[in-house]
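A.B. asks: Got a predicted structure here, sequence first:
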Protein chains: 2
Amino acid sequence: MILIKLGGSVISNKNKPFSFNDSVVKNIASELKKFYPKKKFIIIHGGGSFGHPLAKKYGIRNGLDGKEKLIGFSHTHQAMLDLNKKIIEIFLEKELPAFSISPSSIFITDNGKIVYGSIKIIEEAIKINLIPVLFGDVVIDVSKKIDILSGDAIMSYLASMLDVEKAIFLMDVDGIYDRSPNDEKARLIDELNEEAKISAIEGKFDVTGGIKNKIREAMKMDCIVYFINGLDEGNLTKAIEGKKVGTIKKGK
Amino acid sequence: MILIKLGGSVISNKNKPFSFNDSVVKNIASELKKFYPKKKFIIIHGGGSFGHPLAKKYGIRNGLDGKEKLIGFSHTHQAMLDLNKKIIEIFLEKELPAFSISPSSIFITDNGKIVYGSIKIIEEAIKINLIPVLFGDVVIDVSKKIDILSGDAIMSYLASMLDVEKAIFLMDVDGIYDRSPNDEKARLIDELNEEAKISAIEGKFDVTGGIKNKIREAMKMDCIVYFINGLDEGNLTKAIEGKKVGTIKKGK
């Protein structure tokens, strides 16, 4: 089983609300098609310009502090379903049976960490060759009542609960750099390891913590992890086939 | 806690694909608003002209017998999410924090009967005053691999699992009749009881079994059950307040 994270900045333009990168998602679906159903996939996508603006607007991460927060909680989930639908439809057009599973219907967190997860339907869906598609979502939280659950956190949770051979993070840069990719001196890291000075790596901030959080979640995983540029056709194929691309973290 | 089933023929015109009774749903939301948050509600809606045509087209009830069935399975779920979104949006406009929970993400059936249900999120959502909104949906089935789970079956399952004081079925007729409501001799039944010749009651067929199935599910419930005309404003208020309206089945 392979977990694939479609970064919010790959499937949408984070600076343009409700924008969707149709052609990129079509390419991703075409690449996966070559391996389906021989390989089993679970797709998890980020919020991009659909989820993040609403999550910020309503201050979901600050927890429940008023009735209007509940309205915003539901609006944010609906925006994520809108984005999710666009992805599902592209997959279905390519005859890939992508199937939407709402994280807010199956997970409960405690300060951002998943403390309850009902993943039986994910397991059963995979058995009959469906491709479960989850996403960063609002979530009920034990401490804060409401919160945001990042797609990255779902990746590491599923990696710990399921028999996962590989996790692939699709990003809008070529992998993990030792400093901001915009910095001239930035150097792509071929292989991440515990000793790498992760704390020194810079990254953009978004409501779910950006690049540092992504690396933190990836380091928790026992499986092989790829960080690749999801905007370049062919990279996903290379990662699935185990060829050299982007930044890799070896399995434990 | 009160369970409310919005029949497919109340929220849409079953003869007109993808039709939605906007004004009826607005009235329903306005009536519920009078009781929220003092009363706790769970809403379950039917497939109406969104879910049923697709479920039939793809033959979902016949189980999994080919890859195109998986595509249809996902398409049917997406159509239900479209209908669900329309309802959620009307509730949010009225400042009722309706929150979508996908039945296909939390239930597994065996030949139509729920054998696995993860309802923890429903319980936690109610605690923080969200109004969970579920719906008749596609479902993974132990025997048939895929199936349809009716909103009526969800009603009786939730009634058996949660502390429910009342279940209200909104229909497009005034309640349960002793024969087809179109028959001149049809008589409205004031109170349903075990002795009533339920088997003699006639009803229209839809993919989830129609009126007979609805009564069968209702008879399983220990709580008070109302069958009322959801097209007439004021009926829902009466049922919530325990006044005489439609057909009633007393609590056990």
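C.D. replies: Okay, I see it.
A.B. asks: In PDB, list the C-alpha atoms belonging to the helix or strand of chain A with the lowest mean pLDDT.
C.D. replies: Across the helices and strands of chain A, mean confidence by mean pLDDT, DSSP states H and E is lowest for helix A:210-220: a mean of 81. Presented in PDB, the C-alpha positions along helix A:210-220 are these (Å, rounded to 0.1, in the frame of the first residue of the first chain):
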ATOM      1  CA  GLY A 210       4.200  24.000   6.800                       C
ATOM      2  CA  ILE A 211       7.400  22.200   5.900                       C
ATOM      3  CA  LYS A 212       8.800  21.600   9.400                       C
ATOM      4  CA  ASN A 213       5.600  19.900  10.400                       C
ATOM      5  CA  LYS A 214       5.700  17.800   7.300                       C
ATOM      6  CA  ILE A 215       9.300  16.600   8.100                       C
ATOM      7  CA  ARG A 216       8.300  15.900  11.700                       C
ATOM      8  CA  GLU A 217       5.400  13.700  10.600                       C
ATOM      9  CA  ALA A 218       7.600  12.000   8.000                       C
ATOM     10  CA  MET A 219      10.400  11.200  10.500                       C
ATOM     11  CA  LYS A 220       7.800   9.300  12.600                       C
END
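A.B. asks: Would you indicate which residues of that helix are buried?
C.D. replies: A:211, A:213, A:214, A:215, A:217, A:218 (16 or more other CB atoms under 10 Å in any protein chain shown). For the C-beta atoms, the positions are set from N, CA and C on the backbone; glycine is no exception.
A.B. asks: Now flag whichever of those residues is closest to chain B.
C.D. replies: Distances from chain B to the buried residues of helix A:210-220, taken as CB to the nearest CB, are shortest for residue A:217 (22.1 Å).
A.B. asks: got a list of what the closest one touches?
C.D. replies: By CB atoms under 8 Å, 6 or more residues apart in numbering or on different chains, the contact set of residue A:217 is A:150, A:152, A:153, A:155, A:156.
A.B. asks: Same question for the host helix or strand of residue A:155: list its buried residues.
C.D. replies: Per DSSP states H and E, residue A:155 falls inside helix A:151-161. Residues A:151, A:152, A:153, A:154, A:155, A:156, A:157, A:158, A:159 are the ones in helix A:151-161 that count as buried (16+ other CB under 10 Å).
A.B. asks: does any bit of it sit next to chain B?
C.D. replies: No: against chain B, helix A:151-161 shows no contacts by CB under 8 Å from any CB of the partner chain, the least distance being 13.1 Å.
A.B. asks: which residue packs closest to residue A:13, ignoring adjacent ones?
C.D. replies: residue A:19 (4.2 Å; CB to CB, 6 or more residues apart in numbering or on different chains).
A.B. asks: Tell me how far that neighbour lies from residue A:50.
C.D. replies: 9 Å (CB to CB, to the nearest Å).
A.B. asks: out of these two, which sits in the busier spot?
C.D. replies: Between residue A:19 and residue A:50, counting by other CB atoms under 10 Å in any protein chain shown, residue A:50 is the more crowded of the two (29 against 14).
A.B. asks: ok, and the closest non-adjacent residue to the more buried one?
C.D. replies: Beyond its immediate neighbours in the sequence, the residue positioned closest to residue A:50 (CB to CB, 6+ apart) is residue A:83, lying 3.9 Å away.
A.B. asks: Now do the one helix or strand the one you found maps to against helix B:67-93: the angle between them, please.
C.D. replies: Following DSSP H and E, one finds residue A:83 within helix A:67-93. Interaxial angle, helix A:67-93 versus helix B:67-93 (axes from the mean of the first three to the mean of the last three CA atoms, to 10 degrees): 160 degrees.
A.B. asks: for the record, mean pLDDT for helix A:67-93?
C.D. replies: Helix A:67-93 shows a mean pLDDT of 96 in the predicted model.
A.B. asks: ok, now stretch A:55-64?
C.D. replies: The model assigns stretch A:55-64 a mean pLDDT of 93.
A.B. asks: Just the C-alpha atoms of that stretch, please, in CSV.
C.D. replies: Extracted in CSV, the C-alpha atoms of stretch A:55-64 (Å, rounded to 0.1, in the frame of the first residue of the first chain):
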residue,chain,number,x,y,z
ALA,A,55,-9.7,27.9,8.6
LYS,A,56,-7.9,31.2,9.2
LYS,A,57,-10.9,33.4,8.8
TYR,A,58,-12.8,31.5,11.4
GLY,A,59,-9.8,30.8,13.6
ILE,A,60,-10.6,27.1,13.8
ARG,A,61,-7.1,26.3,15.3
ASN,A,62,-7.8,28.4,18.3
GLY,A,63,-10.6,26.1,19.4
LEU,A,64,-14.3,26.6,20.2
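A.B. asks: which other residues reach it?
C.D. replies: A:47, A:54, A:68-73, A:75-76, A:138, A:141, A:143-148, A:207, B:128.
A.B. asks: again with stretch A:161-174
C.D. replies: If you take CB under 8 Å, 6+ apart as the criterion, stretch A:161-174 is touched by A:1-7, A:9-10, A:28, A:42, A:117, A:119, A:122-123, A:152, A:155, A:158-159, A:181, A:188, A:214, A:218, A:221, A:223-231, A:235-236, A:239-240, A:246.
A.B. asks: Which ones among these lie within strands?
C.D. replies: A:2-6, A:42, A:117, A:224-229 (DSSP state E).
A.B. asks: coming back round to it: state whether the residue nearest to residue A:50 and residue A:51 are indeed in contact, as I suppose.
C.D. replies: Yes: using CB atoms under 8 Å, residue A:83 is in contact with residue A:51, at 6.9 Å.
A.B. asks: So for these two, which residue has more residues nearby?
C.D. replies: residue A:51 (31 against 23).
A.B. asks: Which positions within whichever strand or helix holds that one qualify as buried?
C.D. replies: In this assignment (DSSP H and E), residue A:51 forms part of helix A:48-57. Going by neighbour count (16+ other CB under 10 Å), the buried part of helix A:48-57 is A:48, A:49, A:50, A:51, A:52, A:53, A:54, A:55.
A.B. asks: From the chain's centroid, how far away is that helix?
C.D. replies: Distance of helix A:48-57 from its chain centroid, counting by CA atoms, centre = their mean, to the nearest Å, is 15 Å.
A.B. asks: That helix to strand A:2-6, inter-axis angle?
C.D. replies: Here helix A:48-57 runs at an angle of 70 degrees relative to strand A:2-6 (the same axes, to 10 degrees).
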